[in-house]
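Enquirer: I'd like to go over a predicted model; first the sequence, then the structure.
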Amino acid sequence: MTSYVSPELRQSVKSRANSVREYCLIHEEDTFLGCQVDHIIAEKHGGSTVVENLAYACTFCNRFKGTDVGSIADTSGEFTRFFNPRTDRWRDHFALNGSTIEPLSPIGEVTARILGFNNSERLLEREYLREIGRYPSEAAEEIG
């Protein structure tokens, strides 16, 4: 079951994110498929439809994440939660190396892997945006 996200709540999430997708840092103007509001902690895990539990996400990040809250980290073999844009700083868990988003922590590792940050299609998208000077955007630099 998905709770209704009102237009006002959706606008609050978008404004807070400065129109930047909070997981992969691509500006909404540079995406063909648009952006979605993601429950950081899915409702089925007790997450609420409140601004503190919502993130601005691209279709790919939101679909790959689904209702998951984490995964098993390759480095430790332990369950590790995903990156939370409300409580974590992006640059503490990821670094940009050209078009590649490199994980810097177990949280970054599971998030990058499950959300498919470095799948070939997504790398191509970021490479193209870098070539035309659109990635990372100034707004993304503020978030990162």
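Expert: Looks like it came in fine.
Enquirer: tell me which residues are up against the helix or strand bottoming out on mean pLDDT in the chain.
Expert: Scoring the helices and strands of the chain by mean pLDDT, DSSP states H and E places helix 138-143 at the bottom, with a mean of 81. Residues outside helix 138-143 that contact it (C-beta atoms under 8 Å, 6 or more residues apart in numbering) are 17-20, 22, 25-27, 85, 90. No exception for glycine: its C-beta is placed from N, CA and C like everyone else's.
Enquirer: repeat that with 7 Å
Expert: Defining contact as C-beta atoms under 7 Å, 6 or more residues apart in numbering, one finds that helix 138-143 is touched by 18-20, 22, 25, 27, 90.
Enquirer: with stretch 14-34 instead?
Expert: Where contact means C-beta under 7 Å, 6+ apart, the residues beyond stretch 14-34 that reach it are 35, 55-59, 61, 83, 85, 90, 101, 115, 117, 129, 134-137, 139-140, 142-144.
Enquirer: pLDDT value on residue 112, please?
Expert: Note for residue 112: predicted pLDDT of 98.
Enquirer: wait, what's in contact with it?
Expert: Residue 112 makes contact with 94, 101, 103, 118, according to C-beta under 7 Å, 6+ apart.
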